[in-house]
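>>> I need the structure of the sequence given here:
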Amino acid sequence: MDPHLLRTFVAVAGTGSFSAAAQELGYTQSAVSQQIAALESDLGATLLHRRPVAPTDAGARLLEHAGPILLRLSAARADVARLAGEPAATVVLGATPCAGGARAAAVLASVQRAMPRVRFTLLVAGRAAVATGVATGTLDVGLVDGVTAPSDPLPLPDAGQLVSSALAESAAVAAFPVGHPLAGRRCIELADLADATWIDAPEVATPLPQLRALAHSGGFRDGFAYPGTDTGGLLELVAAGAGLALLPGPVTHPGVVGVPVTVPRLVHRTELVHGSLTPPARALADAFRS
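Here you go, the predicted model:
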């Protein structure tokens with residue numbers, strides 16, 4: 001399967017238009033049509049309804065595969081480029097909001113002082129963006145965090161041969177507003193909170209689909225969507241009664257109480273992720289591990 005044809009298919013399916021995809025990709029509309037026809041001929045299946053433009057059942061199935069395939073191809077290109085290139089004069093560290101705190105800043109500043117000719121940059125982003133950025137080479141090193149079972153890896157995108165190292169673990173707590181009927185408990189079972197209202201904050205807190213999987217339960221309805229990356233803003237919403245959130249403990253906001261989740265047993269883990277490293281990036285990674 002030609003990856004160029006696959007990228008064109010993803011663009012047409014995403015925009016819902018051959019002309020819009022052509023503009024996005026810098027092709028003519030007829031070239032886009034020819035590429036989609038070539039891909040359909042190669043796979044022996046119609047992938048797109050033409051009027052209106054929408055994926056067929058076969059096209060929808062191909063879309064499920066397309067994202068991971070294209071990500072792995074980009075990751076492979078970036079990994080080879082890192083090995084073949086000259087040592088970088090810049091290093092970009094990507095960090096999720098809960099991972100890029102005071103310790104990350106202190107380590108980054110320490111390495112910067114030891115390597116004054118290298119420019120270090122800290123970029124705060126969501127979990128998927130950090131893992132994908134490391135895989136594709138836009139980030140040199142990543143710090144990601146999340147809630148998982150003690151023996152399980154963090155749920156990250158399949159982004160190629162990334163090296164992952166656990167840096168820290170803490171308790172996972174359910175965040176309640178002060179005065180909530182359950183805020184006074186010493187511990188709680190996650191399944192007991194399935195009927196509660198939660199804040200949908202996938203970049204800061206545990207995503208709701210993962211909560212359902214961890215609790216082996218439905219529910220966990222969202223009452224408020226928070227797509228931001230500011231943990232302070234999320235805690236303000238919890239304190240105001242907008243919903244609950246599963247976060248790393250301890251919680252220090254005066255209007256929020258963190259109750260440890262004991263069933264299932266969960267931990268909040270921070271991990272260092274990277275691919276092939278340039279010498280300055282390796283120095284940064286080693287500083288975090290030490």
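
>>> Can you pull out the low-pLDDT segments for the stretch 151-290 of the chain?
159-160 (pLDDT under 70).

>>> What segments of it are strands?
163-177, 188-189, 197-200, 221-225, 245-248, 256-263, 267-274 (DSSP state E, counting those that start in this stretch).

>>> To which secondary structure element type does Thr92 belong?
If you look again at residue 92, you'll see it is Val, not Thr. For Val92, the secondary-structure state derived from DSSP: H, G, I helix; E, B strand; the rest coil is strand.

>>> What residue, apart from its backbone neighbours, is nearest it spatially?
Thr121 (4.7 Å; C-beta to C-beta, 6 or more residues apart in numbering). All C-beta spots, glycine's among them, are computed from the backbone N, C-alpha and C.

>>> quick revisit: using a markdown table, please lay out the strands of the stretch 151-290 of the chain together with mean neighbour count and distance to Ala45.
Output for the strands of the stretch 151-290 of the chain, formatted as a markdown table (neighbours: other C-beta atoms under 10 Å; distance: least, C-beta to C-beta, whole Å):
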| stretch | mean neighbour count | distance to Ala45 |
| --- | --- | --- |
| strand 163-177 | 19 | 37 |
| strand 188-189 | 16 | 46 |
| strand 197-200 | 20 | 35 |
| strand 221-225 | 14 | 36 |
| strand 245-248 | 26 | 41 |
| strand 256-263 | 20 | 45 |
| strand 267-274 | 22 | 36 |
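
>>> how about those in CSV, adding distance to Ala54?
Formatted as CSV, the entries for the strands of the stretch 151-290 of the chain read as follows, by distance: least, C-beta to C-beta, whole Å:
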stretch, distance to Ala54
strand 163-177, 38
strand 188-189, 43
strand 197-200, 27
strand 221-225, 26
strand 245-248, 36
strand 256-263, 41
strand 267-274, 36
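
>>> Select, out of those strands, the one closest to Leu235.
For the strands of the stretch 151-290 of the chain, the distance to Leu235 is smallest for strand 256-263, at 5.3 Å, taking C-beta to C-beta.

>>> Could you list every helix and strand that the closest one packs against?
strand 163-177, strand 188-189, helix 231-239 (3 or more C-beta pairs under 8 Å, 6 or more residues apart in numbering; DSSP states H and E).

>>> looking at the strands of the stretch 151-290 of the chain, which is closest to Leu154?
strand 267-274 (5.7 Å).

>>> Check which helices and strands that closest one is in contact with.
Using 3+ C-beta pairs under 8 Å, 6+ apart: strand 267-274 touches helix 127-136, strand 141-148, strand 163-177, helix 279-289.

>>> what about 10 Å?
strand 90-95, helix 127-136, strand 141-148, strand 163-177, strand 245-248, helix 279-289 (3 or more C-beta pairs under 10 Å, 6 or more residues apart in numbering; DSSP states H and E).

>>> strand partners of that strand, parallel vs antiparallel please.
Sheet pairing for strand 267-274, assigned by DSSP bridges, gives strand 141-148 (antiparallel), strand 163-177 (antiparallel).

>>> residue closest to the middle of the chain?
Ala128 (1.8 Å; C-alpha atoms, centre = their mean).

>>> Now do the contacts for it.
96, 144, 155-157, 159, 202-203 (C-beta atoms under 10 Å, 6 or more residues apart in numbering).

>>> what's the closest of those residues to Ala245?
Out of those, the member with the shortest distance to Ala245 (by C-beta to C-beta) is Pro202, at 10.8 Å.

>>> now that closest one: how far from Asp145?
13 Å (C-beta to C-beta, to the nearest Å).

>>> Please name the residues that touch Ala225.
199-202, 242-243.
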